[in-house]
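**Q** I would like to see how this sequence folds:
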Amino acid sequence: MHDAYEPVPILEKLPLQIDCLAAWEDWLLVGTKPGHLLLYRIKNNAGTNRFEVTLEKSNKNFSKKIQQLFVVSQYKILVSLLENNIHVHDLLTFQQITVVSKARGATLFASVPSGEAQLRMCVAVKKKLQLYYWKDREFHELQGDFAAPDIPKSMAWCQNSICVGFKRDYYLIRVMFFFFVSFLYHLVPYD
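**A** Sure thing, here's the model as predicted:
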């Protein structure tokens, strides 16, 4: 059988419990259960499977628990789920830029991958989904919440659709953007 990837340990015996990770370029962000945000630089030693790992920055007052992280390199921001709300921080200083107050109670979010023309985000709040777009250094709501059949367990964007996984099934939600102001949605159970 072909192995597409070979696992190589780069950080071992970290004294903190890791809850989430985000990576971009030569950097690795580690979010921990006690709320420490660690920034590591990863350098590959040419021709080997050995890596040089250097802790570049640590922020011990980030939050009580870092649940999810997402780097948006073209805007130089870090989107995070902290204490069930969406926060946006400057990627270089970790200073908070904004909080999405309507997303209080969030359990999960998914952002369109870097490189897209417009940064979009879907947030799960209980059995509701909220859609946002990034403009003028904050997230703006596209339209009111819409109901989901269950509490989402996972989400991922795929072009103009969001694949939402639930406990027993998953849906593909097609999102149509018109001037980034309104959208149509269509729930399609995927068999």
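**Q** Let me see the ranges of the helices in the protein.
**A** Assigned by DSSP state H, the chain shows no helices.
**Q** residue contacts, the residue lying closest to residue 156 once chain neighbours are set aside?
**A** Computed as CB to CB, 6 or more residues apart in numbering, the closest residue to residue 156 that is not its neighbour in sequence is residue 163, at 5.1 Å. Placement of C-beta: from N, CA and C, glycine included. Shown in contact with residue 163 (CB atoms under 8 Å, 6 or more residues apart in numbering): 155-157, 170-173, 190.
**Q** Which pLDDT does the model give residue 163?
**A** With respect to pLDDT, residue 163 has a value of 90.
**Q** again, but for the one 10 residues further on
**A** Looking at residue 173, its pLDDT is 84.
**Q** Which strand residues bridge it?
**A** Applying DSSP bridges to residue 173 yields these beta-bridge partners: residue 162, residue 187.
**Q** thought it was touching residue 159?
**A** No: proximity of residue 173 to residue 159 does not meet the contact threshold set by CB atoms under 8 Å, at 12.0 Å.
**Q** between these two, who's got more neighbours?
**A** Neighbours of residue 173 and residue 159, each counted by other CB atoms under 10 Å, are more numerous for residue 173; the result is 20 against 9.
**Q** OK, contacts around the spatially closest residue to residue 98 that is not a sequence neighbour?
**A** Leaving aside its chain neighbours, residue 98 sits nearest to residue 138 (4.4 Å; criterion: CB to CB, 6+ apart). By CB under 8 Å, 6+ apart, the contact set of residue 138 is 88, 97-98.
**Q** Pairing partners for residue 138 in the sheet, please.
**A** For residue 138, the beta-bridge assignment (DSSP bridges) gives partners residue 135.
**Q** wait, residue 141 sits on residue 132?
**A** Yes: here residue 141 reaches residue 132: they are 5.8 Å apart, a contact under CB under 8 Å.
**Q** okay, these two: which has more neighbours?
**A** Comparing residue 141 with residue 132 by other CB under 10 Å, the one with more neighbours is residue 132, at 21 against 14.
**Q** isn't that one right next to residue 125, touching?
**A** No: in this structure, residue 132 is not within contact of residue 125 by CB under 8 Å, at 11.8 Å.
**Q** which residues do the two both contact?
**A** Shared contacts of residue 132 and residue 125, counting by CB under 8 Å, 6+ apart, come down to nothing at all.
**Q** which residues does residue 96 contact?
**A** The neighbourhood of residue 96, defined by CB under 8 Å, 6+ apart, consists of 87-89.
**Q** how about TSV for these, with pLDDT added?
**A** As requested, those are exported to TSV (pLDDT from 0 to 100):
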residue	pLDDT
87	95
88	96
89	95
